[in-house]
Every structure is written in structure tokens, then in C-alpha cells.
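Chemist: fold the stuff below for me.
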Amino acid sequence: MTMKNQYHKAINITTFGMDQRTQRILEMVFHGPGKDDYLLIKDIPSAAACVFDLDSLEGQNFWKEYRVLYPLLPTIILSLNHKEIAGTIYVKKPIEIDKLIKALKKVGQLIKEQYVKKTAQKLSTTSSAHELSQGVHDTKLATEIALENEEENLHQQYCGYNQDINLAKSGNIEKIYYDPSQYLQGFFEKAVVVSQQFEQGGIMIEGLYAPVILNYKKNKIVCCKQTLDNKLRTMTLLPLSHSHLGMTTLNDTEFEKFVTNHQLLVQPLDKFLWRIALWTARGRVAKGTDLYKNVVLLHWPNLTRLIVTPYALKISALWVEQPSSLVETAKILEIPQRYVFAFFSAASALKLAFVERRLETRFSTKATSKLILNAKRSLFRRILARLHI
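Modeler: Now for the predicted structure:
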């Protein structure tokens, strides 16, 4: 592997507000002159930059909300009219490929500068000026560290910021609980239960700012792009009044007609619910969850499609081999509690994981130590087996 390839990593870039023609142009660029340097993805939280069509329907209104949610995300603005917006790079429509490539290169340079600057600030508190000026080697090392930090920051919106707490103190325990029924997550879970009763068609949720239709049997949910990437996350964070929400059943014909007429996007329902649960829980667990009873994982989540939270593979491997409590899982794997709680909340939303109801005693110190030793011995082998490596 060459030194260039060793440190090279394609930049994840997402889009917002694109019509089909513009989206095809971008796909052509990313598969052509931008290949290996840029990767077009759908998920804004996982992106290092965004291409935003300001001329799209409601583009101006969505821009304000977008900037509130992602104030520091490097953004390329597409518009017929020149736009001077701080922190953005303007590309005039109709798009000229060479100008788009130049804008992408500027974004790449901006991202690298942010990485190095952020890392230099962090290292300056523990390193001398001499250590920070060792040249190219230190710059590359700083960039690698910053990449890891950036990945961690992306996960924080799914796993929260809570540090480990002393569970022996009752006041602390309340901080790790939330009530899904008080949030949009709970309403979607009710809609799933209703949808399970129908072999065809779907359930349309009314009262949101955009139509959302789900079909449990086919593992589908249909909604607009803005619902997926922008307003929905904000709504999941706030306690919700259900008084304005309702459900309407649609047969297959009505379902397909509605999707076509509104040009909606289809995605897997499990992927949608998994994300909703992570956004809402933010490293917590549902109220009433017993922290000391074993967790059973029915089968491995489809992590090729779902958001992979930190240590998801290790947690899955442990629970498949040896059901363990949430508290013991964090101890056995030596990981922050919030990552265990976040993964469990998401898996619970898909009915993949649950806490055993039978009575059991807590692990003794000796039993725990033995379990930790056995888990560490076999964990790596099981992960390799599951990943077919």
C-alpha cells in the first residue's frame, strides 16, 4: 500500500433537495471524475459534507432548519442566482462538471483543515510546541486522530453524551430512562402494531408535516426525503402530543397511487425504526427496563443496512453467545454504558432484543470475573465467524 493510499479516504457527501435530473448529474460525477475521492450517500448525519439545492421547493425554508441542525457541515450551494452564504461554496446552475469538481476539492481541503485544526487544539493542551511542529508525520497522525474523533461525534447524536453513572444511587438511575410512549417513537411503534394486522396496503400516519406510510408485512416505510433527514430528527427529540396524529388504512391500489402522486421515497421499515429509536433514546433505555436481568438477542441485526453504533458487533457477539444484563455487558466489554443502552433501545424497537422476565440473582463478583474472562476469550472468534472473515 502506498503512502498516498494509506491516508486516503473517500469523503462521504450527501445531497438535499435534488430533483431527479440534478441527482443523476451528481451520480455521474461521483462515478466518473470524482470516483475514489467522493462517495455519494443518503444519510446526512454520516456525511462529511452536503450538496444543497437552494432552488428546490421550500428550499429557503428548509435551509434555515438545515443550518440549525448542521451549522458546521461544509456545504455546496446549488442555485440559479449567486449566493453569498458564510461557510458554503456556491455552484451556479445549470451545473458545469468542472466547476462542481473544483467545489468538491475546496470542500475536501476545508474538511482536512478542520480535522487538523481541531486536533491541534486538542493536542496543544498536552503537547509542547516542539511536539506539534514535527512536520508531515505529525500532521498525518493528527488527521487520523481527528477522523476518529469526527466519527465519534457522528455517533454522539445516536448515543448521547451521558457519562457512566453510579447505578447504586437512585437519583442517577432516573437519568438513563425515558418513556418512548411520550415521543414520536411510541406512535410509530403503535402504527407498526396496527400494520401487522393487514396483509396488504399500508397505514398512513396523518398529522405530520409530510405524509408517512408504513407496511409491516413488506418491511417498507414511505416518506419524503425531508422527513428522513431534517425535520424528523428534531421531532423525535421533543415530547410529543398525540392529539393531532392519526392513522388511516390504505389498500394496495391506494398505497401505490399515493406513492406515485407524491413522489415519495421507499426505505426499509426496520432501518427507519432503528434510527428513530437511536435518535429518541440517545443512550438511554425505556422506562421500566431492568438493568440487571439478562438480555436475549434473538438474532444478529442486519448491520449492513442499519446504523452501526459503537461496539455494536461486540455487544451482538456477547449477547448471542452469553445473554448478559445491560450493566454486566458494559463491564464485560469495558465500554461506556450509553453505547450498550443505545444498542439495546434500537434492537428492542425492532423486537430483536428483550430482557428476560424470569427471576434471577445478580452476578456475584467471582461469577462476573469468570464471565468476563470467558467472554473476552471467545468474543473475537465469534465476531470473525459472523463476519465470514
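Chemist: SS state for residue 210?
Modeler: Three-state assignment for residue 210 (DSSP: H, G, I helix; E, B strand; the rest coil): coil.
Chemist: give me the neighbour count for it.
Modeler: Per other CB atoms under 10 Å, the neighbour tally for residue 210 reads 15. To be clear about C-beta, it is placed using only N, CA and C from the backbone, and glycine gets the same treatment.
Chemist: quick check: it vs residue 280, distance?
Modeler: According to CB to CB, to the nearest Å, residue 210 and residue 280 sit 19 Å apart.
Chemist: contacts only, for the residue nearest to the spatial centre of the chain.
Modeler: In the chain, the residue lying closest to the centroid (CA atoms, centre = their mean) is residue 307, at 5.1 Å. Counting by CB atoms under 8 Å, 6 or more residues apart in numbering, residue 307 makes contact with 43, 46, 158, 274-275, 278, 346.
Chemist: just the closest of these to residue 24, please.
Modeler: residue 43 (19.7 Å; CB to CB).
Chemist: what about the stretch 201-350 of the chain, any weak spots by pLDDT?
Modeler: 225-231, 241-243 (pLDDT under 70).
Chemist: thought residue 192 was touching residue 214?
Modeler: Yes. Assessed by CB atoms under 8 Å, residue 192 is found in contact with residue 214 at 6.8 Å.
Chemist: the two: who's more crowded?
Modeler: Neighbour totals were compared for residue 192 and residue 214, and residue 214 leads with 23 against 19 (other CB under 10 Å).
Chemist: wasn't the more buried one part of a strand?
Modeler: Yes. The assignment for residue 214 by three-state DSSP puts it in a strand.
Chemist: dig out what it forms beta bridges with.
Modeler: Assessed by DSSP bridges, residue 214 has beta-bridge partners residue 203, residue 221.
Chemist: quick one, domains of the protein?
Modeler: Following automatic domain parsing, one gets these domains for the chain: 3-155, 180-277, 287-387.
Chemist: now the first one: mean pLDDT?
Modeler: To tie it back to what came earlier, the one meant is domain 3-155. Rounded to a whole number, the mean pLDDT of domain 3-155 is 74.
Chemist: including distance to residue 258, secondary structure and neighbour count, could the contacts of residue 307 go into a markdown table?
Modeler: Shown next, in a markdown table, are those (distance: CB to CB, whole Å; DSSP: H, G, I helix; E, B strand; the rest coil; neighbours: other CB atoms under 10 Å):
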| residue | distance to residue 258 | secondary structure | neighbour count |
| --- | --- | --- | --- |
| 43 | 25 | coil | 14 |
| 46 | 29 | helix | 14 |
| 158 | 30 | helix | 25 |
| 274 | 24 | helix | 25 |
| 275 | 23 | helix | 22 |
| 278 | 28 | helix | 26 |
| 346 | 28 | helix | 28 |
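Chemist: closest one of these to residue 330?
Modeler: residue 346 (16.1 Å).
Chemist: helices or strands up against the top helix by length along the chain?
Modeler: The longest helix of the chain (DSSP state H) is helix 97-123. Under the contact criterion of 3 or more CB pairs under 8 Å, 6 or more residues apart in numbering; DSSP states H and E, helix 97-123 touches strand 11-16, helix 20-31, strand 75-79, strand 88-92, helix 136-159.
Chemist: which of the domains of the chain sits closest to residue 174?
Modeler: Going by CB to CB, the one of the domains of the chain nearest residue 174 is domain 287-387, 9.3 Å.
Chemist: hey, where'd the helices end up in the stretch 251-389 of the chain?
Modeler: 252-262, 269-281, 312-321, 326-333, 337-349, 365-387 (DSSP state H, counting those that start in this stretch).
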